[in-house]
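Undergrad: this is a predicted model, with the sequence first.
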Amino acid sequence: MINLLSPDIKSSLLYARRNVVIRKVLFGFICGVIGIVAIILFGSMYLNREISRTSAQIEQTKTLLAEQKLEETQERVSSISDSLKLVVEVLSQQIVFSRMIRQVGAVTPEGAVLSNLTISTITGGIDLTFETADQQTGTQVLLNIQDPANELFAQADIEKISCNNVALNTIYPCSVTIRALFGDNSPYLLISKEQN
């Protein structure tokens, strides 16, 4: 096909087509800018509304917690936690007396008998009172209890030793009180420290 249009008309048509394309691009750009501005405005309004609603909820929650005495509840929970720790500590130092007394009886020398056993504190210590035939037997009781091979106590000391010479007709005129402490790895503790 032969184009018989004059160069001026051809040029006008070319620029007209370009103008149409430029108008479409410009219209799209303007619509895009308007869309972005609208999104920014609506987003800003939405964020401000959410911030104010969240602030109101926080204030309401603070008021509710103040009414429910949160600090007092936390103190009670802390107190209960401390009590539980004390219970665990006490249980970890409970003694299996049946096994321990059997072992004390096994290491008690001839001429001595265990007459009293007193728990002094919850720190793992007890007081043992023996009636003995003489002071030397009382000392031997201490040595047997202190012997690590017997696995009785970590430490033991004589608290008091006394002999009643007036009562000559008794078999055991002397009394020896020994304070002993269980070790952390004692086989007579209900809950061994190694298990924790």
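TA: Yep, that arrived.
Undergrad: ok, and the closest non-adjacent residue to Ile178?
TA: Nearest residue to Ile178, sequence neighbours excluded (Cβ to Cβ, 6 or more residues apart in numbering): Leu128, at 4.8 Å. C-beta here means a position set from N, CA and C on the backbone, and glycine is covered the same way.
Undergrad: which SS class is Ile2?
TA: Classification of Ile2 into helix, strand or coil gives coil, according to DSSP: H, G, I helix; E, B strand; the rest coil.
Undergrad: meant to ask about Tyr172, not that
TA: Assigned with three-state DSSP, Tyr172 falls in the coil class.
Undergrad: excluding chain neighbours, what is closest to it?
TA: Once flanking residues are discounted, Tyr172 sits nearest to Glu131: 3.6 Å by Cβ to Cβ, 6+ apart.
Undergrad: circling back: check contacts around the residue nearest to Ile178.
TA: Counting by Cβ atoms under 8 Å, 6 or more residues apart in numbering, Leu128 touches 104, 114, 116-117, 145, 177-180.
Undergrad: go on, Asn19?
TA: Asn19 makes no contacts at all, as judged by Cβ under 8 Å, 6+ apart.
Undergrad: shouldn't it be within a helix?
TA: Yes. Counting by three-state DSSP, one finds Asn19 located in a helix.
Undergrad: return the distance of the host helix or strand of Ile22 from the chain's centre.
TA: Assigned by DSSP states H and E, Ile22 belongs to helix 7-67. Its chain's average C-alpha position is 53 Å from that of helix 7-67, according to Cα atoms, centre = their mean, to the nearest Å.
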